[in-house]
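Undergrad: For reference, the sequence and a predicted model appear below.
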Amino acid sequence: MKKYITLLSIIITITACEKVEKPYLTDLDAYVNPDKKVLIEKFTGHRCSYCPDAARELESIHDIYGDQIIGMAIHIDDFFAGPSPIGNAFDYDFRTEWGDELDENYNIVGLPKGMVNRIGIPDESHILGKDEWASVVATELQKEIDFLITIDADTNKINISILLENNIINNYKLFVCLTESNIINWQQDGSENIQDYEHNHVLRTVIYNGELSNTDNLLRDELISTSFNINLSDLEQYNINYSENEAVNGNGNAGGWNASNMSVIAYIYNTNTKEVLQVEEAHLNN
């Protein structure tokens, strides 16, 4: 399987699992563009005792704005996300090759942390604590859009259509991945070790990270369509092999995917600033 994100370096660090205060919400009367959607990438680990607070904050923001908020849980850090030996608590390996590369490429330090539409990368202000997410989300939801994304997917094929809302110069890329929700497994939550914790929006695999179009200038009302054939068994086995053969202290216990709980996330980002301009999510229909 082709790797779509370049691995810049391999740096193994043990970082602090940071305590964060209770969430706050922004002005509910602020203007919201109903066509704008926002990606929250939540970096987490099953041994991070404060990470469930960040998951609850993500759900609180989603409760306000509904499906305009699209979350992704990316399990990183070999200390907080690494698995125990098989047969013990915390023996599942949620890590992926792509999550580890995102960790390295964007220098995620301390958990829980997140990025909202990857705002702030040029000046290195993109790494946000959970209490900073809501205000950035509110600002992002006021922006006008250049793209509308539509996804039609099943367990064999993903079809993506992108409608141009304006004339723009093409310096954008398309990113397509699969996530899974309703995964019941171990999670440290405060002082408790929860055996039947529900993990949601978990990054499973990346399908594509490449050019949006082969033309330099994109025109208003232009429709870009692309399709990807997928084999879930092969993608799942790739994760198992990564855990067993490449991930630090991996054990190969990275399978057990449930297609009924999986979704496709597709987003368009600026190749220079890395800002996510638009994002969409759709269930992977069986």
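TA: Here it is on my side, so go on.
Undergrad: where do the helices sit along the protein?
TA: Using DSSP state H, the helices of the chain run over 51-65, 97-106, 133-140, 232-245.
Undergrad: Now render the ones you listed as a markdown table, adding mean neighbour count and distance to residue 266.
TA: From N, CA and C alone the C-beta is placed, and that goes for glycine too. Below are the helices of the chain laid out as a markdown table (neighbours: other C-beta atoms under 10 Å; distance: least, C-beta to C-beta, whole Å):
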| stretch | mean neighbour count | distance to residue 266 |
| --- | --- | --- |
| helix 51-65 | 19 | 18 |
| helix 97-106 | 20 | 15 |
| helix 133-140 | 20 | 17 |
| helix 232-245 | 16 | 16 |
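Undergrad: TSV for the ones you listed, including distance to residue 159 and mean pLDDT?
TA: As requested, the helices of the chain are exported to TSV (distance: least, C-beta to C-beta, whole Å; pLDDT from 0 to 100):
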stretch	distance to residue 159	mean pLDDT
helix 51-65	25	98
helix 97-106	22	95
helix 133-140	27	98
helix 232-245	16	98
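Undergrad: of all those, which lies closest to residue 160?
TA: Nearest to residue 160 among the helices of the chain is helix 232-245 (17.2 Å), distances taken as C-beta to C-beta.
Undergrad: Tell me the helices and strands packed up against that closest one.
TA: Applying 3 or more C-beta pairs under 8 Å, 6 or more residues apart in numbering; DSSP states H and E, one finds that helix 232-245 makes contact with helix 97-106, strand 202-211.
Undergrad: Tell me which residues are up against it.
TA: Outside helix 232-245, the residues that touch it by C-beta atoms under 8 Å, 6 or more residues apart in numbering are 1, 83, 93, 95-97, 155, 178, 204-205, 250-255, 257, 259, 262.
Undergrad: now the angle from that helix to strand 202-211?
TA: 110 degrees (axes from the mean of the first three to the mean of the last three C-alpha atoms, to 10 degrees).
Undergrad: Can you check what angle separates helix 232-245 from helix 97-106?
TA: 60 degrees.
Undergrad: Centre of the chain to helix 232-245, how far?
TA: Offset of helix 232-245 from its chain centre (C-alpha atoms, centre = their mean, to the nearest Å): 18 Å.
Undergrad: for stretch 123-142, same thing?
TA: 15 Å.
Undergrad: Start and end of that stretch, how far apart?
TA: End-to-end span of stretch 123-142 (C-alpha to C-alpha, to the nearest Å): 22 Å.
Undergrad: Wait, residue 113 touches residue 43, no?
TA: Yes - judged on C-beta atoms under 8 Å, residue 113 makes contact with residue 43 at a distance of 4.9 Å.
Undergrad: Identify the residues contacting the most centrally placed residue in the chain.
TA: With distances taken as C-alpha atoms, centre = their mean, the residue of the chain nearest its centroid is residue 72 (3.2 Å). The contact partners of residue 72, by C-beta under 8 Å, 6+ apart, come to 39-42, 177, 179, 201, 203, 265.
Undergrad: what does residue 93 give?
TA: Neighbours of residue 93 in contact, by C-beta under 8 Å, 6+ apart: 81-83, 243, 247, 250-254.
Undergrad: on that earlier part again, nearest to residue 160 among the contacts of residue 72?
TA: Looking at these and their distance to residue 160, the nearest is residue 265, at 10.8 Å (C-beta to C-beta).
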